[in-house]
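In: just a sequence and a predicted model for now, questions to come.
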Amino acid sequence: MAINRNVFEMTSEGLQELKSELERLKTVERKRNIEVLKEAREQGDLSENADYDAARDEQARIEARISEIENIIKNVKIIKKDTTDIVTIGKKVEILFEHNKKTETYAIVGSIEADPFLKKISNESPLGKSIIGKRVNEQSEFISETGKEFKITIVNIQ
């Protein structure tokens, strides 16, 4: 597997979350997985042992995620706090959706940190791209990944 040498833009909070995840994977998840593997080995014949196969799959997932996080940390670029009144990565933006007159507040983050369920959107997402560089009261339009077109207005930037 080739390791990606890209630069990963992140907020300092996002980097801390990744470091916490890495620590948990190394100290908790790895140890738990080793115990599960040990118990599965004790069951005997490994060729038809579903518990052993599942534990090995989990071990591979844990190790792959550890490698991925270590690569990200090695190639991270921390996004500096921007004090301008322009939408940039690291800011929270309140947006008015014109079609239903509802407002939503999103944190603009790098793609590694994005989590729409936590209202963290990537600067590379359709919405993110449409608001980067905008100011309060500016309007924008974007087409969502589902193909729906939205017209929005920037209400507040923090």
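Out: That came through fine. None of these values were measured; they are calculated from a predicted model.
In: going forward, measure contacts between C-alpha atoms and count neighbours the same way
Out: OK.
In: let's check: the centremost residue of the protein is which one?
Out: A centroid search over the chain (Cα atoms, centre = their mean) returns E113, at 2.8 Å, as the residue closest to the centre.
In: what residues are up against that one?
Out: Remark: with contacts taken as Cα atoms under 8 Å, 6 or more residues apart in numbering, E113 is in contact with M10, G14, K120, S122.
In: which SS class is it?
Out: Secondary structure for E113, judged by DSSP: H, G, I helix; E, B strand; the rest coil, is coil.
In: circling back to that earlier point, among the contacts of E113, which are in strands?
Out: Helix and strand membership here follows DSSP state E; of those, those in strands are M10, K120, S122.
In: make JSON lines out of the residues you listed and add distance to A40, pLDDT and neighbour count.
Out: Converted to JSON lines, the ones in strands among the contacts of E113 look like this (distance: Cα to Cα, whole Å; pLDDT from 0 to 100; neighbours: other Cα atoms under 10 Å):
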{"residue": "M10", "distance to A40": "39", "pLDDT": "88", "neighbour count": "24"}
{"residue": "K120", "distance to A40": "40", "pLDDT": "95", "neighbour count": "20"}
{"residue": "S122", "distance to A40": "41", "pLDDT": "93", "neighbour count": "22"}
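In: what is the nearest of those to S144?
Out: The shortest gap between S144 and any of these belongs to S122, at 12.9 Å (Cα to Cα).
In: count the residues that sit near E98.
Out: Burial of E98 is recorded as 14 neighbouring residues (other Cα atoms under 10 Å).
In: gap between it and I152?
Out: 6 Å (Cα to Cα, to the nearest Å).
In: pLDDT weak spots in this structure?
Out: 1-5 (pLDDT under 70).
In: nearest to K91 among the ones in strands among the contacts of E113?
Out: Nearest to K91 out of the ones in strands among the contacts of E113 is K120 (Cα to Cα; 10.1 Å).
In: which ones are touching the closest one?
Out: Y106, A107, I108, V109, E113, A114.
In: wait, isn't V36 in contact with D53?
Out: No: taking contacts as Cα atoms under 8 Å, V36 lies outside contact range of D53: 10.7 Å.
In: which one's more surrounded, those two?
Out: Comparing V36 with D53 by neighbour count (other Cα under 10 Å), the higher total belongs to V36, at 19 against 15.
In: can you tell me the element that one falls in?
Out: Assigned by DSSP states H and E, V36 belongs to helix 30-41.
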